[in-house]
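S.K.: Here is a sequence together with a model predicted from it:
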Amino acid sequence: MRRSAAPSQLQGNPLKKLKFVPPARSNPSPDEGITKMSPDVKLIEVVGSQNTFLQVKSNPRICSLNLPTEGSAREINHECNYSEKHCSEASVTATLDLPHTGMAYKLKELEKIEEGHRVMIGGKEVEIMGIISPDDFSSGRCFQLGIGSPAISSSSQAAKKCFSNPFKSVCKPSSKENRLGGFQDCKPRHDPHAPNSLVMSRPDNNHQWTFNKKGFPVVDVVIDPHLVYHLRPHQKEGIMFLYECVMGMRVNGRCGAILADEMGLGKTLQCISLIWTLQCQGPYGGKPVVKKTLIVTPGSLVNNWRKEFQKWLGSERIKIFPVDQDHKVEEFTRSPFYSVLIISYEMLLRSLDQIKNVKFGLLICDEGHRLKNSAIKTTAALISLSCEKRVILTGTPVQNDLQEFFALIDFVNPGILGSLSFYRKVYEEPIIISRQPSASEEEKKLGEKRAVELTCLTGLFILRRTQEVINKYLPPKIENVVFCRPGALQIELYRKLLNSQAVRFCLQGLLGNSPHLICIGALKKLCNHPCLLFNSIKEKECSSTWDGKEEKSLYEALVDVFPADYNPLMFSEEESGKLQVLLKLLAVIHELRPTEKVVLVSNYTQTLDILQEVCKRHGYTYTRLDGQTPVSQRQQIVDSFNSKYSSDFIFLLSSKAGGVGLNLIGGSHLILYDIDWNPATDIQAMSRVWRDGQKNPVHIYRLLTTGTIEEKIYQRQISKQDLSGAVVDLTRTSEHIQFSVEELKNLFTLHESSHCVTHDLLDCECTGDQDGTGDSLEKFPVSRNCQLGAHHQKCNSLKPLSMSQLKQWKHFSGDHLNLTDPFLERIRENVSFFFQNITNQSTAII
Ligand SMILES: Nc1ncnc2c1ncn2[C@@H]1O[C@H](COP(=O)(O)OP(=O)(O)OP(=O)(O)O)[C@@H](O)[C@H]1O
Ligand SMILES: [Mg+2]
């Protein structure tokens, strides 16, 4: 660190004596200067703050110094040991405009400025540390000094300086260590030269300098061959990546990682391998890096983690402690016996005080996309644990929303992107502006460069692989979208609903009390079964607090459509088109594949009640997991369904309550009874069965009621344009969607004469009486457009399925003569249209 001398001490160099007039404009944002930068700008980095830049332009003769505000300078958590005093000294924003101010700096003098020179600006002395290339400046790379990432240090002179620690050989233990002798003959725990051994990267000199102060010998860290035997290639890479991240080998001094592999790629096994390795081994003298690990996970997965530990490491190697009703945190804190604590997010908050007493060396946050908001209690609680090595696991893409992205990044590697306000100025704003249609060429370029830089920087510690990497280990997947004809009562009620006053209000744009959400809810219930709508009407009638005008007007006159003696408990199966299809589907699966099982998914508990009733009526054995299922019972329910000895034919699953992270490989048919606005919810559910361990070809059926709102939601899910502006992560619901009146008009239309509105929209020339154009093996979508733009989809490769991609799927109407699929053949009577896509077709046996 170079300290600036007090102005009174300056002598000699005339530059040092120059004075400076206060700026005309104060506090420009860090990138303001950039948008105005011309190619002939010379950028000079000056000491005094990590983010201090002197721009020297030859024409017009302007020189400006952009410095962050005091607060932001201090907030940015760089490693370059600047004192707080220093930061505040540098908290000056100044613009030198020679022609206007007639001020002391002459361009000639400025051009002479070199590294090491000092200048007086705004009463502060600043020292020139180095010249920043325009490229570093426009990419924003120079703002990130102190991170020490390869991306930065490769091109920024200043950054190089910051991190060029003189290498001192630490491989030779000092004489004192020799005397200690404890690690002299230390050997790797497993043979690094054995065939198929998986050896972690050796720490480089810089790392040794920082982390091996005592000079222990460097020892190979080798993954337990017992685990390696089972690992898929992508998992080996993943473990290497996680190891390098948490060891601070990828980004200087930062120990966080995000493993965002798609669902089912075995993130759990990769973490277990990491934990087992770090708890037994280390690169310095073989000393274990971590003593205790904390795994925080949704309640329904606590036991899944226990099982996975057991599956891969048995019960003797490592002592894990899953917290549940009978096993409280105190037991873990009191006992030196356990080294891994597995706890739900909810329980973590409740037991935070006790957990804080334990020093955890590694923190793993499963389904960690929930930490996308730094204001939430859970995030604050986890941060308060002050564990440096943090890993987030998530199957959901993390780059779609730049603010959420910041929260996740800042959680795993605090301060790496500076403060939030700094990040917004340097990255978010330019990137978002550049994506707007009105963006100028200059803005587009800047935004693109910043996005590239952000991706490069964060790409060092984010890893996302797509399902393709395990496709070859999986059986075929036959995916069907089934358009079910609505029943007569459904059509009549649907028409009435659309004619209601509430819907008319919506179409006039009167959305004050969100009547459109009530209307949408009613239409969705009706599609599942009319009796659900009947129940809602009756509930509202009985409720003394029913004062919502909109809801009243919506339900008026509906009761008359139901038969006078209508009993929702005795509902008829014929009243719902989807239910009829479902029944036939269950019957044919039961008949043709008596040993195979079905996962039946709905977003609504009330719908699950109906489906459960149907199971009872038809004598199908079932089990059920929804929001009300006690957490302690969940894994047991899952295990028993997955067991080959299980007699349960159907697993009733509430996707929102329990979909995330579950392995339901006992089932090979999955039926999505209803559709969610949020494609991520549906994809989560569909990923439960087609995953590692699945032995049978997997059949997925998405049931949609033809011509209704369900088709519209599906179209919205698959339309790229819509996805970019709306919902995609698991926490977002229809309440978060903004609808235009035009969109509502479209939503509130019933297409009675179409076989499939979605197909009509495809502009396809086929008449639906033959197999559609292709047998594309394109993958199904999960994600919303990435805010970082098209170039950054690499780590987020599941692109939304577009309408044109859907056109490549096989498609045919229900009247099609040659249905080769025996399951579809059996349900065709109630189906107006099918779309079908087969993945891993070569091995498909339908
Ligand atoms: N190498 C492997 N060989 C066999 N089975 C594996 C392997 N890796 C993982 N599995 C199994 O694959 C299933 C899915 O793994 P896991 O639950 O870790 O997925 P995930 O990536 O966490 O998915 P999600 O995002 O849905 O939680 C588990 O049953 C796991 O035991
Ligand atoms: Mg998981």
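M.R.: That came through, no problem. Ligands and ions are numbered 1, 2, ... in the order given.

S.K.: which strands and helices sit next to whichever helix in the chain runs longest?
M.R.: Here the longest helix in the chain is taken by residue count, with DSSP state H as the criterion, and it is helix 441-459. Contacting helix 441-459 under the criterion 3 or more CB pairs under 8 Å, 6 or more residues apart in numbering; DSSP states H and E are the following elements: helix 32-35, helix 134-139, helix 150-155, helix 429-435. (Each C-beta comes from the backbone N, C-alpha and C, glycine too.)

S.K.: Quickly note the distance from the residue nearest to G256 when sequence neighbours are not counted to Q628.
M.R.: The shortest distance from G256 to any non-neighbouring residue, by CB to CB, 6 or more residues apart in numbering, is to V412 (2.8 Å). Here the criterion is CB to CB, to the nearest Å. By it, V412 lies 34 Å from Q628.

S.K.: wait, I318 sits on S273?
M.R.: No: at 11.2 Å, I318 and S273 do not qualify as touching, with contact defined as CB atoms under 8 Å.

S.K.: Comparing those two, which shows the higher neighbour count?
M.R.: Neighbours of I318 and S273, each counted by other CB atoms under 10 Å, are more numerous for S273; the result is 26 against 19.

S.K.: Tell me the secondary structure at the more buried one.
M.R.: The three-state label for S273, taken from DSSP: H, G, I helix; E, B strand; the rest coil, comes out as helix.

S.K.: If we look just around ligand 1, which residues of the stretch 501-650 of the chain are in range?
M.R.: Counting by CB under 6 Å from any ligand atom, no position of the stretch 501-650 of the chain is adjacent to ligand 1.

S.K.: Count the residues that sit near S197.
M.R.: Under the neighbour criterion other CB under 10 Å, S197 is assigned a count of 15.

S.K.: swap in R593?
M.R.: For R593, the count of nearby residues is 17 (other CB under 10 Å).

S.K.: okay, it: pLDDT?
M.R.: Reading off the confidence values, R593 has pLDDT 95.

S.K.: Quick check: it vs ligand 1, distance?
M.R.: Per CB to the nearest ligand atom, to the nearest Å, R593 is found 22 Å from ligand 1.

S.K.: Where do the helices of the stretch 201-350 of the chain begin and end?
M.R.: Read by DSSP state H, counting those that start in this stretch, the stretch 201-350 of the chain holds these helices, from start to end of the chain: 205-211, 225-228, 233-246, 267-280, 302-313, 329-334, 345-350.

S.K.: any idea which of the ones you listed is most buried?
M.R.: Comparing the helices of the stretch 201-350 of the chain by mean neighbour count (mean count of other CB atoms under 10 Å), helix 267-280 ranks first with a mean of 24.

S.K.: what packs against that helix?
M.R.: Judged by 3+ CB pairs under 8 Å, 6+ apart, helix 267-280 is in contact with helix 225-228, helix 233-246, strand 256-259, strand 293-297, helix 302-313, strand 362-365, strand 389-393.

S.K.: repeat that with 6 Å
M.R.: The contact analysis (3 or more CB pairs under 6 Å, 6 or more residues apart in numbering; DSSP states H and E) places helix 267-280 against helix 233-246, helix 302-313.

S.K.: rewinding a little: and the helices of the stretch 201-350 of the chain as CSV, adding mean pLDDT and distance to I665?
M.R.: Putting the helices of the stretch 201-350 of the chain into CSV (pLDDT from 0 to 100; distance: least, CB to CB, whole Å) gives the following:
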stretch, mean pLDDT, distance to I665
helix 205-211, 92, 41
helix 225-228, 95, 21
helix 233-246, 98, 18
helix 267-280, 98, 14
helix 302-313, 94, 12
helix 329-334, 93, 30
helix 345-350, 94, 25
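
S.K.: Using a markdown table, please lay out the ones you listed together with distance to ligand 1.
M.R.: Formatted as a markdown table, the helices of the stretch 201-350 of the chain follow (distance: least, CB to the nearest ligand atom, whole Å):
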| stretch | distance to ligand 1 |
| --- | --- |
| helix 205-211 | 29 |
| helix 225-228 | 9 |
| helix 233-246 | 6 |
| helix 267-280 | 3 |
| helix 302-313 | 6 |
| helix 329-334 | 23 |
| helix 345-350 | 15 |
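
S.K.: Throw the ones you listed into TSV and include distance to Y714, thanks.
M.R.: Putting those into TSV (distance: least, CB to CB, whole Å) gives the following:
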stretch	distance to Y714
helix 205-211	51
helix 225-228	42
helix 233-246	31
helix 267-280	29
helix 302-313	30
helix 329-334	44
helix 345-350	32
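
S.K.: The nearest residue to F332 once chain neighbours are set aside pairs with what?
M.R.: The shortest distance from F332 to any residue other than its chain neighbours is 4.5 Å, reached at F321 (CB to CB, 6+ apart). Applying DSSP bridges to F321 yields these beta-bridge partners: L341.

S.K.: Could you check what's spatially nearest to Q606, not counting adjacent residues?
M.R.: For Q606, ignoring the flanking residues on the chain, the nearest one in space by CB to CB, 6+ apart is L532 at 5.6 Å.

S.K.: what helix or strand is the one you found on?
M.R.: With secondary structure defined by DSSP states H and E, L532 is part of helix 530-542.

S.K.: May I see the buried residues of that helix?
M.R.: Buried residues in helix 530-542, defined by neighbour count with 16 or more other CB atoms under 10 Å: 530-537.

S.K.: to the chain's geometric centre, what's the distance from that helix?
M.R.: For helix 530-542, the distance between its averaged C-alpha position and the chain's averaged C-alpha position is 38 Å (CA atoms, centre = their mean, to the nearest Å).

S.K.: Can you name the next helix or strand after that helix?
M.R.: Reading on from helix 530-542 to the C-terminus, the next helix or strand found by DSSP H and E is helix 549-555.

S.K.: Past that following helix, which element shows up next along the chain?
M.R.: The helix or strand immediately downstream of helix 549-555 is helix 577-592, counting by DSSP H and E.

S.K.: can you list the residues that contact the helix or strand following that next one?
M.R.: Sequence-wise, the next helix or strand downstream of helix 577-592 (DSSP H and E) is strand 598-602. When contacts are taken as CB atoms under 6 Å, 6 or more residues apart in numbering, the neighbours of strand 598-602 outside the stretch itself are 589, 608, 611, 650-653, 655, 664, 667, 669-674, 685, 689.

S.K.: Filter these down to just the ones in strands.
M.R.: Using DSSP state E, the subset of the contacts of strand 598-602 located in strands is 650-653, 669-672.

S.K.: Would you reformat the residues you listed as a markdown table and include pLDDT and neighbour count?
M.R.: As requested, the ones in strands among the contacts of strand 598-602 are arranged in a markdown table below (pLDDT from 0 to 100; neighbours: other CB atoms under 10 Å):
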| residue | pLDDT | neighbour count |
| --- | --- | --- |
| I650 | 98 | 26 |
| F651 | 97 | 27 |
| L652 | 97 | 23 |
| L653 | 95 | 29 |
| H669 | 97 | 23 |
| L670 | 97 | 26 |
| I671 | 97 | 26 |
| L672 | 96 | 24 |
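
S.K.: bridging residues for the residue nearest to F241 when sequence neighbours are not counted?
M.R.: For F241, the nearest residue in space outside its immediate sequence neighbours is L463; the separation is 5.0 Å by CB to CB, 6+ apart. Assessed by DSSP bridges, L463 has beta-bridge partners L259.
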